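Trainee: Please work out how this folds:
(chains A and B)
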2 protein chains.
Amino acid sequence: MSIITIVGAGMMGSAMSGPAADNGHEIRLVGTPLDREIIDSVRETGFHPTLHQQLPAAVAAFQAEELDKALEGAELVIGGVSSFGVDWFAEHVLPLLRPGVPVLSVTKGLQDGPDGTLTPFPHLLAERLPEEKRGMIPFNAIGGPCICFELLERRHTMVYFCGADLAVLEKIRALLSTDYYHIQLTTDVMGVEGCVALKNAYAMGVSLAVGIADREVGEFDAAAAEALCTPGAPDRNPVYNPQAALFAQSCLEMRRIVSLAGGDGALAGELPGAGDLYVTIFGGRTRRLGMLLGRGIPFTEAQEILKGVTLEAVVIITRVARALRARGENPDYYPLLFHMDAILNDGAEVDLPWSKFGR
Amino acid sequence: MSIITIVGAGMMGSAMSGPAADNGHEIRLVGTPLDREIIDSVRETGFHPTLHQQLPAAVAAFQAEELDKALEGAELVIGGVSSFGVDWFAEHVLPLLRPGVPVLSVTKGLQDGPDGTLTPFPHLLAERLPEEKRGMIPFNAIGGPCICFELLERRHTMVYFCGADLAVLEKIRALLSTDYYHIQLTTDVMGVEGCVALKNAYAMGVSLAVGIADREVGEFDAAAAEALCTPGAPDRNPVYNPQAALFAQSCLEMRRIVSLAGGDGALAGELPGAGDLYVTIFGGRTRRLGMLLGRGIPFTEAQEILKGVTLEAVVIITRVARALRARGENPDYYPLLFHMDAILNDGAEVDLPWSKFGR
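Mentor: A predicted model of the protein is given here:
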C-alpha cells in the first residue's frame, strides 16, 4: 500500500482514484481553489458532483490550503489540473514536491515558443522547478483514450504512461495497473503528449462534418445540440464518408506535426492519436464546438453558447498553427489545421479545403 | 464523354454510376447472374432495389448475357463484384477485355497462398488473364472509406485508387473525380488493398466491444440488434474506452500485417486503414456479426441469425490468420486477429487478450 496524492479535483484527476483504490492505496484528493465545492462534497458524502459518481471510500479529500499535509509521505503525485491550471500547479505544488517522488499528469496541451518549438507539459513543469530541485523530480504523463466516467466504472481502458525514465514508469505502472486499466510505457514524451494535445484540435475538425450534416435536417436549438453531442444519442443526420475522410486527414496531419516536433509520428495512427481521437469525437465539448461551427455559427457566437466551457481545442489549434508559421512550414501540408485556425481566429467561414487533403 | 461499363450490379459498383454520370459519361451497368432482378428494376424504372435509390438517367442496364455488347467501346471497366464473385468475373469478363482498357475494382479481399503470401485482387486478376492478354490490361482498385449510399448522394468522399501505373491512374481519376469524390493515387496496391481487406476483419473486432456492452443492458432480440447496427441509431450502452483501445489495436495489427505483406504500413493509420475502419464500425453487417459474438452468441448461431448475409470479415480473418501461421509469425504480435480467428474457427469464447495488446 502506498500513499497517492491527486492534486486537482477535476473529473480526470479524480477518476484516477478508481484504479488507485482497487490496488489498495491510500488516496488523497486535493482541490485547487476552483475545486472548493467538489472537495466539500467528496468530504461529506464521497460524491463527486461533476463526475456524478461516488468516489472510492479510500479517498480522503483536502482543500487547497491543506496541500502541504496532503503531500506528506506521498509516493506518487498525480497532477490532475487542466492546461488552464498549470500555472497554479507550478506555483503552488512544485515547491512542495519531495525529490525522487514522481509526478504523473493528466494535463493535456502543448506550449509553443517564439521559434515554433512545441513543448509538452512534463517538460514545461521540469523547467519550472525551483533551482535547488532541478532534475530531481521525474515528470510523467498519461495519454490515450480514456473517458473518466468509464475508468471509474472499471471499463477496459488502455493508455500510455510516458516519461524520461522507464524504471520510474514501471514503478508507477505497478501502482496503478489493474485488470481493466491497461498501461503501455514509452519514453517518447513528445510522441504521446503531442498526439494527446492534437487530438482535441482534430476532434473539432471531424465534428465540423457532424454540424454540416445536421444543418440540413434541423433548426438549431440548444436541446438538439446537446443531444447530438451526448455519447450514444441518435444522430439526426448520419453521414459518415466526410467524417471518415476528416478522421484520416487528422491522423495524417497529427503524424506530420508530431514528427516535426521530434516524436514518433507512428503514434498518431495508434493509441494516443487515432485511438484517443475516436473517443473524443463521440461526445463532449470539443464535438459540440465543432458541430456548432459546422452548422455555420461563427466562433464568437459559439463561444457565447458554450459559455463557461473550457475549450482546449481552441488553445491547441491556435498554438500549433502559430508554431508552424514560426517554423515557416508550408500550410498546405496541414490544411485542416490551418482552416480550423482561420475559422477560430480570422472569422473564416467553414469551407473544408478538400482538394488539399491527402498525402 | 466516355463509355464506362460497370460489371456487377451490387451496391458499391452501382453507386459508382453517380460520379461517372456527373462527369457526363455513358454508363452501362451489367449484372452478374445473381443480379437479374436488380437489372430488371433498373431497366424498368431506374430504381436500384438494394441501394433503395434511383440511379442516374445516364445508366443503361444489361443482363449478364449481354456482357459482350455492354463492353463494346468501353474506355473503363469498373469491377463491381464482391470477393465471392471474383471467379465469375475471371471466367466471364477477363476473356472479353480489350487490351489497354483499364479495370478499376471495388472488390475487397486478399487471397492467401500455401506459403503465407497474401495477394490482393488486382494481382490475382492479372494472373488469371488469358495467356495472350497477359500484361495488357491494367488492373486497379479502389480503397478507402466510402458508404455507397452516401457516394450516390454526392457526400464528400475521399478514397485511394491504386494500380501499377500512375499514368493510367491519372486517366481513371480524370474520368471519375468530381467536386465531392476526392481521389488519391498510389502505386502501393498491397498497402491500400491490404488495409481495405483487413478493415473488415478489424471492424468485427471493434464491434465485439459493442456487443459486450450491450449484453449488460438488454436481452437479445432481433429488432434491438438491427437498431444497434443502423448508422446513427442510439446506442443502448455507450461505452467507448474499450472500443477505442480495440480501434487502436486494430490499426497497429493492420500496420504490422500490411508491412509484412510488402505494403506501406503507414497507410493503416491513414485513409485506407483508420479512415475506412471508422465508417465500417458505424453500422452494417460486420458490426452486426461482431456485436452478436460480443454478446456471447457462438459463431454457428450468429451465422443462423445473419443467414444470407455475406460475411467478408470471416473470410479475411481466416485467410490472414492462416497466412501468418504459414509464415511462422508469432501470434502474440497479432493477438486480436488470432482471437477473432479462434472465435470463428475454433468455437472459442470471447475473452479479449488485453494483456497482449499494445506495441
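
Trainee: can I assume residue A:220 is in contact with residue A:294?
Mentor: No. Contact criterion C-beta atoms under 8 Å: residue A:220 and residue A:294 do not qualify, at 11.1 Å. Glycine gets a C-beta too; all of them are placed from N, C-alpha and C.

Trainee: neighbour count winner among these two?
Mentor: Between residue A:220 and residue A:294, residue A:294 has the larger neighbour count (other C-beta atoms under 10 Å in any protein chain shown), namely 24 against 15.

Trainee: Now that one. Nearest residue, chain neighbours left out?
Mentor: Using C-beta to C-beta, 6 or more residues apart in numbering or on different chains and skipping residues adjacent in sequence, the residue nearest residue A:294 is residue A:211, 2.2 Å away.

Trainee: can you pull the contacts of that neighbour?
Mentor: Residues near residue A:211 by C-beta atoms under 8 Å, 6 or more residues apart in numbering or on different chains: A:290-296, A:350.

Trainee: just these now: which is nearest residue A:201?
Mentor: residue A:290 (10.0 Å; C-beta to C-beta).

Trainee: per-residue confidence at residue A:282?
Mentor: Residue A:282 carries a pLDDT value of 89.

Trainee: Now the residue nearest to it when sequence neighbours are not counted, what are its backbone angles?
Mentor: Counting by C-beta to C-beta, 6+ apart, residue A:231 is the residue found nearest to residue A:282 once chain neighbours are left out, at 4.8 Å. Dihedral pair for residue A:231: phi -50, psi 130, per degrees, to the nearest 10.

Trainee: How many neighbouring residues does residue A:231 have?
Mentor: With other C-beta under 10 Å as criterion, residue A:231 counts 17.

Trainee: ok, residue A:172 - how many residues close by?
Mentor: So residue A:172, with other C-beta under 10 Å, has 23 neighbours.

Trainee: what comes into contact with the helix or strand in which it is found?
Mentor: Following DSSP states H and E, the helix or strand that holds residue A:172 is helix A:166-176. Here helix A:166-176 makes contact (C-beta under 8 Å, 6+ apart) with A:2, A:4, A:16, A:19-20, A:23, A:25, A:75-76, A:102, A:104, A:138, A:140, A:161-163, A:183, A:185-187.

Trainee: Weed out the non-buried ones from the contacts of residue A:211.
Mentor: Among those, those classed as buried by 16 or more other C-beta atoms under 10 Å in any protein chain shown are A:290-295, A:350.

Trainee: how much space between the residue in the stretch 251-359 of chain A that chain B sits nearest to and residue A:347?
Mentor: Minimum separation of the stretch 251-359 of chain A from chain B (C-beta to the nearest C-beta) falls at residue A:269, amounting to 1.7 Å. For residue A:269, the distance to residue A:347 equals 33 Å [C-beta to C-beta, to the nearest Å].

Trainee: And for residue A:282?
Mentor: From residue A:282 to residue A:347 the distance is 29 Å (C-beta to C-beta).

Trainee: Over to residue A:151?
Mentor: Counting by C-beta to C-beta, the gap from residue A:151 to residue A:347 is 38 Å.

Trainee: Between these two, which is the more surrounded one?
Mentor: Neighbour tally, residue A:151 and residue A:347, criterion other C-beta under 10 Å: the higher count belongs to residue A:151, 23 against 10.

Trainee: thinking the more buried one is in contact with residue A:158, fair?
Mentor: No. Using C-beta under 8 Å, residue A:151 is not in contact with residue A:158, being 10.9 Å away.

Trainee: Which neighbours do these two have in common?
Mentor: Joint contacts of residue A:151 and residue A:158 (C-beta under 8 Å, 6+ apart) are residue B:241.

Trainee: Tell me how many other residues crowd the residue nearest to residue A:156 when sequence neighbours are not counted.
Mentor: Nearest residue to residue A:156 in three dimensions, chain neighbours excluded: residue B:242, at 4.3 Å (C-beta to C-beta, 6+ apart). Look at residue B:242: counted by other C-beta under 10 Å, it has 24 neighbours.

Trainee: tell me which element residue B:242 is part of?
Mentor: With DSSP H and E as criterion, residue B:242 is part of helix B:241-260.

Trainee: how far does that helix sit from the chain's center?
Mentor: 18 Å (C-alpha atoms, centre = their mean, to the nearest Å).

Trainee: same question for that helix, mean pLDDT?
Mentor: Averaged over helix B:241-260, pLDDT sits at 98.

Trainee: tell me what the helix or strand following it is packed against?
Mentor: Once the chain leaves helix B:241-260, the next helix or strand it forms, by DSSP H and E, is helix B:276-281. Where contact means 3 or more C-beta pairs under 8 Å, 6 or more residues apart in numbering or on different chains; DSSP states H and E, helix B:276-281 is packed against helix A:241-260, helix B:189-217, helix B:241-260, helix B:285-294.

Trainee: Repeat the analysis, applying 7 Å as the threshold.
Mentor: helix A:241-260, helix B:189-217 (3 or more C-beta pairs under 7 Å, 6 or more residues apart in numbering or on different chains; DSSP states H and E).

Trainee: As JSON lines, those with distance to residue B:304 would be great.
Mentor: Formatted as JSON lines, the helices and strands packed on helix B:276-281 follow (distance: least, C-beta to C-beta, whole Å):
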{"stretch": "helix A:241-260", "distance to residue B:304": "32"}
{"stretch": "helix B:189-217", "distance to residue B:304": "16"}
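
Trainee: Which residues outside stretch A:111-126 are in contact with it?
Mentor: A:86, A:90, A:94, A:103, A:105, A:107, A:109-110, A:139-141, A:163, A:189-190, A:193-194, A:261, A:319-320, A:322-324, A:326-327 (C-beta atoms under 7 Å, 6 or more residues apart in numbering or on different chains).

Trainee: Kindly state the domain boundaries assigned to chain A.
Mentor: Annotated domains of chain A cover A:3-187, A:191-356 [automatic domain parsing].

Trainee: Comparing those, which comes out most buried?
Mentor: Highest mean neighbour count among the domains of chain A (mean count of other C-beta atoms under 10 Å in any protein chain shown): domain A:191-356, with a mean of 21.

Trainee: Can you get me the centre-to-centre distance for it and its chain?
Mentor: Worked out by C-alpha atoms, centre = their mean, domain A:191-356 lies 14 Å from the chain centre.

Trainee: thinking again about what came up before, narrow the contacts of stretch A:111-126 to those in helices?
Mentor: Those of these mapping onto helices are A:86, A:189-190, A:193-194, A:319-320, A:322-324, A:326, per DSSP state H.

Trainee: Out of these, which one has the lowest pLDDT?
Mentor: For the ones in helices among the contacts of stretch A:111-126, the least confident entry is residue A:86, with 90.

Trainee: Is it correct that that one is in contact with residue A:107?
Mentor: Yes. Contact criterion C-beta atoms under 7 Å: residue A:86 and residue A:107 qualify, at 6.2 Å.

Trainee: separation between the residue lying closest to residue A:283 once chain neighbours are set aside and residue A:279?
Mentor: Once flanking residues are discounted, residue A:283 sits nearest to residue A:231: 3.6 Å by C-beta to C-beta, 6+ apart. Look at residue A:231 and residue A:279: by C-beta to C-beta, they are 9 Å apart.

Trainee: do you know how far the residue nearest to residue A:294 is from chain B?
Mentor: For residue A:211, the distance to chain B equals 14 Å [C-beta to the nearest C-beta, to the nearest Å].

Trainee: just residue A:122 next, same as before
Mentor: From residue A:122 to chain B the distance is 20 Å (C-beta to the nearest C-beta).

Trainee: how distant is stretch A:84-96 from the center of its chain?
Mentor: Per C-alpha atoms, centre = their mean, the centroid offset for stretch A:84-96 relative to its chain is 18 Å.

Trainee: check contacts around residue A:265.
Mentor: A:255-256, A:258-259.

Trainee: which parts of the stretch 1-150 of chain A sit against chain B?
Mentor: By C-beta under 7 Å from any C-beta of the partner chain, the residues of the stretch 1-150 of chain A that approach chain B are A:145-147, A:150.
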